[in-house]
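K.L.:
Give me coordinates for this.
(chains A and B)
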Amino acid sequence: MELINKWPEYHKKDVVSHYCPGCGHGIVHRIVAELLEEMDLGKKAYLVCPAGCAVLAYLYLDFDIIESAHGRGTAIATGAKRANPDLFVISYQGDGDLSAIGTAETIHSANRGENICVIFINNAVYGMTGGQMAPTSLLGQSTMTSPMGRNPEVDGYPLHITDVVAQFPGVAYAERVTVSSPAGVKKTKKAIRNAFLTQQEGLGYSIVEVLSPCPTNWKMDPVTACKWVDNEMTKEYKPGLLTDKREEKRKEKG
Amino acid sequence: MDKVFISGNHCIAEAAIRAGCRCYFGYPITPQNELGEYMAENMRKSGGVFLQSESETAAINMVIGAASTGARVMTSSSSPGVSLKQEGLSFLAGFEFPAVIVNMMRGGPGLGNIAPAQGDYFQSTRGGGHGDYRTPVLAPASVQELADLTVKAFDLADKYRTPILLLGDGMMGQMKEPVVFPEPVSDFPEKPWALRGRGDGPSRYQASLILDGLAMERHNWKLVRKYKEMAEQETRFELYMMDDADFAVVAYGTTARIAKGAIKRARKDGLKVGLIRPITLYPFPDKILQKVAQQIKNFLVFEMSTGQMVEDVRLALANERAVIDFHGRPGGIIPTPIEFSRVIHRYYRRM
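P.N.:
Got it, this is the predicted structure:
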């Protein structure tokens, strides 16, 4: 009998996850590991993991990994890719990392059209530090630093950073997906595959924003958290393709 | 190779390319813009990477990325910009990645001005960023030495797996002098730790987060052992007219050049004055100071600051019953040899 759902080569075996029950990180890690194997990219993969819960991604992922200072993932990715264009470079970042402290690095690496893939985990909260308000927190969302709910008069509005960078000519591919349902997970894998193909073809910057549950910091059980992604987060951040300029890029390249 | 008449900033860039530097990331700031401009023209020409980053912070993190793959890599800036790079310097030291960081100092604090100064001595020699680490510091005093020490900086960075600071100032960057460049380096050390994709081997990771206290402590002491080894092997200094001296001036970089002029003048007046010029500021050449202090008890420290290196001189001579005086010109003022020789006369008479 053929084993169809085998353990991915680039995911370590026999490790106990430190991620909370119901967290989206583990799903995305597995998708990355599966795709690197399916697309035969794992041997030259170089992943930048962020300051945040995923800082320990090297415990699970079995290819070359470096940790980044908070927000600097795409700068490190830029340096690595420019120095060694043969590497397959991925920057894995959270919402505080990518759209608060690392906004400049995000905007400019995207605008330069760096030939890297960015996986952006948006859970509308700072996870590792214990549930503070993120730039992506929803209006009215109660967090440790917006205990009365996010109030736009003092806290501003949810930041749609992926929509912003999707407009840049250097950004070849941008999509927003969810990992709160089996259908969402399938779409996530498809989107990350497209992002990986973008870099493989040398077409420039690609970013996949993953709306991901954080039950612990949302103070919900995992099922309620998935429902909150589907019913609340997707109202603010509409899943779908944000840009796909790969055909133009192919023509530009000739 | 023939002599070339070249400015300090261009010289560092050319020497870096000859030392095998393949990547340069930087952000414009006066008085070191010519360095990046030279890189823009010549690095890309030779197939290397030049990238003008969106910020100093991004530049130093690009350096981290390139260094992690094993490339020889450099960034350069001036005082306010180097402050912004401190986050990355701390990470480079923690990761133990080799890289060369140039600081052509200017007056401060804050934006200060764009004139030469030596106010970043503490920041350079004490670690600068957060956490328990140091960065070795090379302080050239001529354009020729800029060339030689730039090459040396890359070798030291690779040998000891550490970021190295090349510390000059606005004057060193702007002045032109004849230079004989070293031959291009073609033999580079192996870097088995570099992240180049796992290939058929095991995966590697470079972690900066060391949550276990005992493991973090081990890492801290490991760095200290490395710095101690550098102190044994790599401490550099120059002695100038010290053979018969009974009074020693201590100065580095631009100030040391001016001090040499002042010492020549004082010698004409019959004063037996010499110069101790630290070339490595960290590790500091304290042993030579202690040796000199067996014969000489009077030391005069010149700096273009309100007094920073003088503290290292006092630490080095803490048990020597030496008299240590200080004369400083901060704020971007370049003192003259005449001024320094007057100060030498004043303290010499008091001796």
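
K.L.:
Going by C-alpha atoms from here, please, whenever you check contacts or count neighbours.
P.N.:
Noted.

K.L.:
what's the burial count for residue A:247?
P.N.:
Residue A:247 is flanked by 11 other residues according to other Cα atoms under 10 Å in any protein chain shown.

K.L.:
pull the CA atoms of whichever strand or helix holds residue B:66 into PDB?
P.N.:
Using DSSP states H and E, residue B:66 sits in helix B:56-68. Backbone C-alpha positions of helix B:56-68 (Å, rounded to 0.1, in the frame of the first residue of the first chain) are rendered in PDB as follows:
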ATOM      1  CA  GLU B  56      21.500  52.400   8.500                       C
ATOM      2  CA  THR B  57      19.600  49.700  10.400                       C
ATOM      3  CA  ALA B  58      18.700  47.900   7.100                       C
ATOM      4  CA  ALA B  59      22.300  48.200   5.900                       C
ATOM      5  CA  ILE B  60      23.800  46.500   9.000                       C
ATOM      6  CA  ASN B  61      21.100  43.800   8.700                       C
ATOM      7  CA  MET B  62      21.900  43.200   5.100                       C
ATOM      8  CA  VAL B  63      25.500  42.900   6.300                       C
ATOM      9  CA  ILE B  64      24.300  40.200   8.600                       C
ATOM     10  CA  GLY B  65      22.500  38.400   5.800                       C
ATOM     11  CA  ALA B  66      25.500  38.500   3.500                       C
ATOM     12  CA  ALA B  67      28.000  37.600   6.200                       C
ATOM     13  CA  SER B  68      25.800  34.600   7.200                       C
END
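
K.L.:
For the next helix or strand after it, which outside residues touch it?
P.N.:
Following helix B:56-68 in sequence order, the next helix or strand is strand B:73-77 (DSSP H and E). Contacts with strand B:73-77, where a contact means Cα atoms under 8 Å, 6 or more residues apart in numbering or on different chains, come from B:16, B:21-29, B:32, B:35-36, B:59-60, B:63, B:66-67, B:99-104.

K.L.:
longest helix anywhere in the chain?
P.N.:
Answering for chain A, as no chain was given. In chain A, with assignment by DSSP state H, the single longest helix is helix A:182-200.

K.L.:
oops, chain B please
P.N.:
Across chain B, the helix with the greatest residue count (assigned by DSSP H) is helix B:213-234.

K.L.:
which secondary structure elements does that helix contact?
P.N.:
The contact analysis (3 or more Cα pairs under 8 Å, 6 or more residues apart in numbering or on different chains; DSSP states H and E) places helix B:213-234 against no helix or strand.

K.L.:
Residue A:109: which element?
P.N.:
Applying DSSP H and E, one finds residue A:109 within helix A:103-111.

K.L.:
helices or strands up against that helix?
P.N.:
If you count contacts as 3+ Cα pairs under 8 Å, 6+ apart, helix A:103-111 packs onto helix A:73-83, helix A:161-166.

K.L.:
residues in the stretch 101-250 of chain A within reach of chain B, list them.
P.N.:
Residues of the stretch 101-250 of chain A that fall close to chain B, judged by Cα under 8 Å from any Cα of the partner chain: A:104, A:105, A:108.

K.L.:
Can I get these in CSV including pLDDT, distance to residue B:310 and neighbour count?
P.N.:
Output for those, formatted as CSV (pLDDT from 0 to 100; distance: Cα to Cα, whole Å; neighbours: other Cα atoms under 10 Å in any protein chain shown):
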residue, pLDDT, distance to residue B:310, neighbour count
A:104, 98, 40, 20
A:105, 98, 40, 26
A:108, 98, 43, 20
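
K.L.:
The longest helix of chain B: what's the following helix or strand?
P.N.:
Once the chain leaves helix B:213-234, the next helix or strand it forms, by DSSP H and E, is strand B:237-240.

K.L.:
in that next one, what counts as buried?
P.N.:
B:237, B:240 (16 or more other Cα atoms under 10 Å in any protein chain shown).

K.L.:
what's next to that strand, contact-wise?
P.N.:
By Cα under 8 Å, 6+ apart, strand B:237-240 touches B:260, B:274, B:275, B:276, B:277, B:278, B:279, B:280, B:285.

K.L.:
Any chance you could list what contacts the one helix or strand residue A:251 maps to?
P.N.:
Here residue A:251 sits within helix A:246-253, counting by DSSP H and E. With contacts defined as Cα under 8 Å, 6+ apart, helix A:246-253 is touched by A:172, A:173, A:198, A:203.

K.L.:
Name the nearest residue to the residue of chain B most remote from its centre, ignoring sequence neighbours.
P.N.:
When distances to the mean C-alpha position of chain B are computed (Cα atoms, centre = their mean), the maximum falls on residue B:200, with 40.0 Å. Closest residue to residue B:200 apart from its sequence neighbours, by Cα to Cα, 6 or more residues apart in numbering or on different chains: residue A:43 at 6.8 Å.

K.L.:
what's the burial count for that neighbour?
P.N.:
22.

K.L.:
did I read that right, it in a helix?
P.N.:
Yes: Residue A:43 forms part of a helix when assessed by DSSP: H, G, I helix; E, B strand; the rest coil.

K.L.:
Okay, the residue in the stretch 151-254 of chain A positioned nearest to chain B and residue A:171: tell me how far apart.
P.N.:
Of all residues in the stretch 151-254 of chain A, residue A:200 sits closest to chain B, at 14.9 Å by Cα to the nearest Cα. According to Cα to Cα, to the nearest Å, residue A:200 stands 14 Å off from residue A:171.

K.L.:
neighbour count winner among those two?
P.N.:
residue A:171 (27 against 19).

K.L.:
before we move on, the earlier item: could I have the CA atoms of the longest helix of chain B written out in CSV?
P.N.:
Output in CSV follows, covering the C-alpha atoms of helix B:213-234 (Å, rounded to 0.1, in the frame of the first residue of the first chain):
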residue,chain,number,x,y,z
GLY,B,213,20.8,31.0,31.1
LEU,B,214,23.7,28.6,31.5
ALA,B,215,24.1,28.3,27.7
MET,B,216,24.0,32.1,27.3
GLU,B,217,26.6,32.4,30.0
ARG,B,218,28.8,29.9,28.2
HIS,B,219,28.4,32.0,25.0
ASN,B,220,29.3,35.2,26.9
TRP,B,221,32.5,33.7,28.3
LYS,B,222,33.3,32.2,24.9
LEU,B,223,33.3,35.7,23.4
VAL,B,224,35.5,36.9,26.3
ARG,B,225,38.1,34.1,25.6
LYS,B,226,38.2,35.2,22.0
TYR,B,227,38.8,38.9,22.9
LYS,B,228,41.6,37.8,25.3
GLU,B,229,43.2,35.8,22.5
MET,B,230,43.0,38.9,20.3
ALA,B,231,44.6,40.9,23.1
GLU,B,232,47.5,38.5,23.2
GLN,B,233,47.9,38.1,19.4
GLU,B,234,46.6,41.3,17.7
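
K.L.:
List the buried residues of it.
P.N.:
Quick answer for helix B:213-234 (16+ other Cα under 10 Å): B:223, B:227, B:230, B:231, B:234.

K.L.:
and what of stretch A:242-254?
P.N.:
For stretch A:242-254, the neighbour count (16+ other Cα under 10 Å) marks A:242, A:243, A:244, A:245, A:246, A:249 as buried.

K.L.:
Quick check: residue B:167 is in a helix.
P.N.:
No: using three-state DSSP, the secondary structure at residue B:167 is strand, not a helix.

K.L.:
Show the contacting residues for the residue of the stretch 151-254 of chain A closest to chain B.
P.N.:
residue A:88.

K.L.:
how near is it to residue A:78?
P.N.:
16 Å.

K.L.:
what does the longest helix of chain B contact?
P.N.:
Helix B:213-234 has contacts (Cα under 8 Å, 6+ apart) with B:132, B:133, B:134, B:136, B:160, B:210, B:280, B:282, B:283, B:284.

K.L.:
Stretch B:31-44 near chain A at all?
P.N.:
No: applying Cα under 8 Å from any Cα, one finds stretch B:31-44 separated from chain A by no less than 11.8 Å.

K.L.:
can you tell me the helix or strand for residue A:40?
P.N.:
Using DSSP H and E, residue A:40 maps to neither a helix nor a strand.
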